[in-house]
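# mind folding the following:
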Amino acid sequence: MTKFDEATQAIRVDETTYDVCLDDGYAIGGPLNGGYLMAVMLRAVADASPHAHPVSTSAQFLRAPAPGPARVRLERLKTGRTATMTRATLVRDGERYIDMQVTSADLDGDAAPHWSATPEISMPDLADCVRFPSPKPESNMTLSAQIELLFDPSSIGWLRGAPSGRPESRAYFRMAEPQDPDPYVLALAVDALPPVVFSAGARGWAPTVELTWHLRALPAPGWLTLLGSGRLISDGWFDEEVEVWDSAGRLVAQSRQLARVGRG
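Model (predicted):
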């Protein structure tokens, strides 16, 4: 079991209840990463479902949970031959923190696309991409120790005070500990990029309010490519869309989130 598998495990209490322990190693300046929290909850959903793969997840982030023990409560909404719909809620001390609607199904790892688009933007070679400087210990950016991100230099000009003016963020992604990507790694990946509004000139924590993502295929081993963009920044809100492509050149995940513009 990898560290990520251990940090996201869900222990069955009964048919509708799972115990989890939220790991402080997945924090971004204090709050836990939303993709990590979704991965924890999806472990419980998949274990309870007759269908193995979370093909559609929509999460409402009600408040930010602190690390430590919590519970995932499940409500089966519908089960059919091809899909199961489940409501999952992360709770602690009677308080709800995240509410998710999940559709699970069984994907064929050998399925070939009938038709597929291609990435609109070409990434530089891995050798031409860059890492962020190591975060200072007091920044509490513990997530950075769990993952590897190699960024397209043109999408992180904001680091040197020269944002591109467009909401964008692009990087290669993999877990720091060797691990083939799976649906839970993809849940983390869709929320692993710096907020796209940084490239448009904004700074500060940008809390996610709602995030929906789709698992489109089971990923091949190797680096994932994350392509992030936005359509509108207005009235203190922004959207962020992320495409995840695997090492075989297949689109394996898509996400869209609505978030607040941070105050730097």
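
# which residue sits closest to His51, ignoring its sequence neighbours?
Ser104 (4.1 Å; CB to CB, 6 or more residues apart in numbering). The C-beta positions use only the backbone N, C-alpha and C, and glycine is treated the same way.

# equivalent analysis for Ala248, please.
Ala220 (4.2 Å).

# kindly provide the distance from the residue sitting furthest away from the middle of the chain to Asp47.
Distance from the C-alpha centroid of the chain, by CA atoms, centre = their mean, peaks at Arg81 (27.8 Å). Using CB to CB, to the nearest Å, Arg81 is found at 20 Å from Asp47.

# do Pro183 as well
13 Å.

# likewise for Gly80?
Taken as CB to CB, the span from Gly80 to Asp47 is 19 Å.

# okay, those two: which has more neighbours?
Asp47 (15 against 10; other CB atoms under 10 Å).

# what sits against the more buried one?
Neighbour list for Asp47: 10, 12, 18 [criterion: CB atoms under 8 Å, 6 or more residues apart in numbering].

# now the second one: which helix or strand?
Assigned by DSSP states H and E, Arg12 falls within strand 11-14.

# which secondary structure elements does that strand sit against?
In terms of contacts (3 or more CB pairs under 8 Å, 6 or more residues apart in numbering; DSSP states H and E), strand 11-14 is packed against strand 17-22, helix 34-48.

# keeping just the C-alphas, turn the last one into PDB.
Spelled out, it's helix 34-48. Extracted C-alpha coordinates of helix 34-48, given in PDB (Å, rounded to 0.1, in the frame of the first residue of the first chain):
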ATOM      1  CA  GLY A  34     -10.100  19.400  -2.400                       C
ATOM      2  CA  GLY A  35      -9.000  16.700  -4.700                       C
ATOM      3  CA  TYR A  36      -7.500  14.700  -1.800                       C
ATOM      4  CA  LEU A  37     -10.700  15.000   0.100                       C
ATOM      5  CA  MET A  38     -12.700  13.800  -2.900                       C
ATOM      6  CA  ALA A  39     -10.400  10.800  -3.200                       C
ATOM      7  CA  VAL A  40     -11.000   9.900   0.400                       C
ATOM      8  CA  MET A  41     -14.800  10.000  -0.100                       C
ATOM      9  CA  LEU A  42     -14.600   8.100  -3.400                       C
ATOM     10  CA  ARG A  43     -12.900   5.200  -1.700                       C
ATOM     11  CA  ALA A  44     -16.000   4.800   0.500                       C
ATOM     12  CA  VAL A  45     -18.400   5.200  -2.500                       C
ATOM     13  CA  ALA A  46     -16.500   2.600  -4.600                       C
ATOM     14  CA  ASP A  47     -16.300   0.100  -1.800                       C
ATOM     15  CA  ALA A  48     -20.100   0.200  -1.200                       C
END
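
# what comes up buried for that helix?
Across helix 34-48, burial judged by 16 or more other CB atoms under 10 Å covers 34-46, 48.

# show me the two of the residues you listed that sit farthest apart.
Greatest spatial distance among the buried residues of helix 34-48 (CB to CB): Gly34 and Ala48, at 21.6 Å.

# mind listing what the residue lying closest to Arg250 once chain neighbours are set aside touches?
Counting by CB to CB, 6+ apart, the nearest residue to Arg250 once its immediate chain neighbours are dropped is Ala217, at 5.3 Å. Ala217 is in contact with 107, 111, 113, 246, 250-252, counting by CB under 8 Å, 6+ apart.

# narrow the residues you listed to those in strands?
Using DSSP state E, the subset of the contacts of Ala217 located in strands is 251-252.

# of the contacts of Ala217, which is the nearest to Leu188?
Val252 (13.2 Å).

# so the closest one versus Leu42, what's the distance?
15 Å.

# for Asp93, give me phi and psi.
Per-residue torsions, Asp93: phi 50, psi 40 (degrees, to the nearest 10).

# that one - how many residues pack around it?
Around Asp93 there are 7 residues (other CB under 10 Å).

# so what pLDDT did it get?
Note on Asp93: pLDDT of 93.
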